[in-house]
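**Q** Requesting a structural model of the entry that follows:
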Amino acid sequence: MAKESGLGLSVQVDDSAGTLRNISNDITNLQWAIPSEVQDVTGVDKSARERLHLLADFSVTLNGVFNDATNMSHAVLKNYRTLASGQSGRTVTITHSGQTLSCETLFTDYSMSREAGGGLTWSAPGQLADGTIPAWS
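**A** Prediction:
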């Protein structure tokens, strides 16, 4: 596989009814991580650390430009606490170069900022919701 830029990334998020919506056009940047806890199991007979992987996690922060058009970012995120029946979180799907990362996410905020120059932007951080380890497919 060749080295690539992040151009052409696609991000989809469930709306409060559980329908996946492509809000890529509204997102200006994002960060995500799939960390694992570790346990130090170093015995007194060792001269270097020994660790075990424990629980996996996922976090994401989406940042974007306000857009209140139908099925776009404001419509999807404004009721970030509302879940459709049977949902444990909002599905977040990040796709790039044929690789897809998808997981159930609880958004913890949907904050907006009116910048000095007049720009209206938002930020939406989220964390893993359902105990399923996120994996690329």
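**Q** Is the residue most central in space within the chain in a helix, a strand, or coil?
**A** Closest residue to the average C-alpha location of the chain: Val60 at 3.2 Å, with C-alpha atoms, centre = their mean. Secondary structure, DSSP: H, G, I helix; E, B strand; the rest coil: Val60 is strand.
**Q** Does it touch Leu30 like I think?
**A** Yes - under the criterion of C-beta atoms under 8 Å, Val60 makes contact with Leu30 at 6.6 Å. C-betas here are computed from N, CA, C, even on glycine.
**Q** beta partners for the residue nearest to the centre of the chain?
**A** Trp32, Gly126 (DSSP bridges).
**Q** Read off the pLDDT value for it.
**A** Confidence at Val60, expressed as pLDDT, is 98.
**Q** Let me see the contact set for it.
**A** Residues in contact with Val60 (C-beta atoms under 8 Å, 6 or more residues apart in numbering) are Leu30, Gln31, Trp32, Ala33, Val92, Ile94, Thr105, Pro125, Gly126.
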